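Participant: missing the sequence, but the structure's below:
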């Protein structure tokens, strides 16, 4: 159709619909927010502003702090958001006494590492005239030159060499005992896996038997030791925890 005055076509510009205008605005805002998030992530992950400058270590008793700090030196200068428990554990994997770690970041540049160690249950005298602290699975956790000050029972090191199963039974039994009872033990011994015997520091003897039902046996023994009427007893037989015997 021709316009009578100009001879050109009639062109009409229709207004943009409200819904289309709203979608365009949402897309623009969403894209802007996403761009800001990406920039922030890049800043957090790579900016030297959050680089590790100080590493604090706590919770360790068996592994020296200086030894742990040396192992964690590669983390210095790394942005805090890029450090997780997995990376810290990888750096400490050679420390056999460490069971787990808890990591906390404190801006702008402090990394707090809390060490969770395996709990020693016994002392093993070795050939070098020193003592090894061992965990419930028999692993060596640390060494001490003197037994004094370490309130744990002694296991003859030959037990592990002659029969690992006997040694495992001993450590399993000791792991079932509360720390208050462990402190009262002088040494633990066994000829077979079914003949575990414990000697208390006051001269009393505990006939334990095998490591089966160790939880029940530990509760019975702990109750006996808390009972002041049992101070004159020489032998506690808890090998059958449902029917313990004293004599």
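Facilitator: On my side now, so go ahead. No experiment lies behind these values; they were computed from the predicted model shown.

Participant: what is the helix or strand hosting residue 172 packed up against?
Facilitator: In the assignment (DSSP states H and E), residue 172 maps to helix 164-175. For helix 164-175, the packing partners by 3 or more Cβ pairs under 8 Å, 6 or more residues apart in numbering; DSSP states H and E come out as strand 122-125, strand 154-156, helix 157-162, strand 185-189, strand 196-200, helix 214-226. Glycine gets a C-beta too; all of them are placed from N, C-alpha and C.

Participant: between the ones you listed, which gets nearest to residue 144?
Facilitator: Judged by Cβ to Cβ, the one of these that comes nearest to residue 144 is strand 122-125, at 7.6 Å.

Participant: helix or strand next in line after the closest one, which one?
Facilitator: strand 131-134.

Participant: would you mind checking the average pLDDT for the helix or strand just after that following strand?
Facilitator: Next along the chain after strand 131-134, taking DSSP H and E as the criterion, comes strand 140-144. The average of the pLDDT scores along strand 140-144 is 91.

Participant: elements contacting strand 140-144?
Facilitator: strand 131-134.

Participant: what strands line up against the strand it packs on, and which way round?
Facilitator: strand 122-125 (antiparallel), strand 140-144 (antiparallel) (DSSP bridges).

Participant: check which residues of the helix holding residue 172 are buried.
Facilitator: Neighbour counts over helix 164-175 (16 or more other Cβ atoms under 10 Å) mark 166, 167, 168, 169, 170, 171, 172, 173, 174, 175 as buried.

Participant: out of the residues you listed, the closest to residue 51 would be?
Facilitator: Nearest to residue 51, judged by Cβ to Cβ, of these is residue 175 at 42.0 Å.

Participant: out of the strands paired with strand 131-134, which comes closest to residue 26?
Facilitator: Among those, strand 140-144 sits nearest to residue 26 (Cβ to Cβ), with 59.5 Å.

Participant: how far is that closest one from where the chain is centred?
Facilitator: Between the mean C-alpha location of strand 140-144 and the chain-wide mean there is a distance of 17 Å, by Cα atoms, centre = their mean, to the nearest Å.
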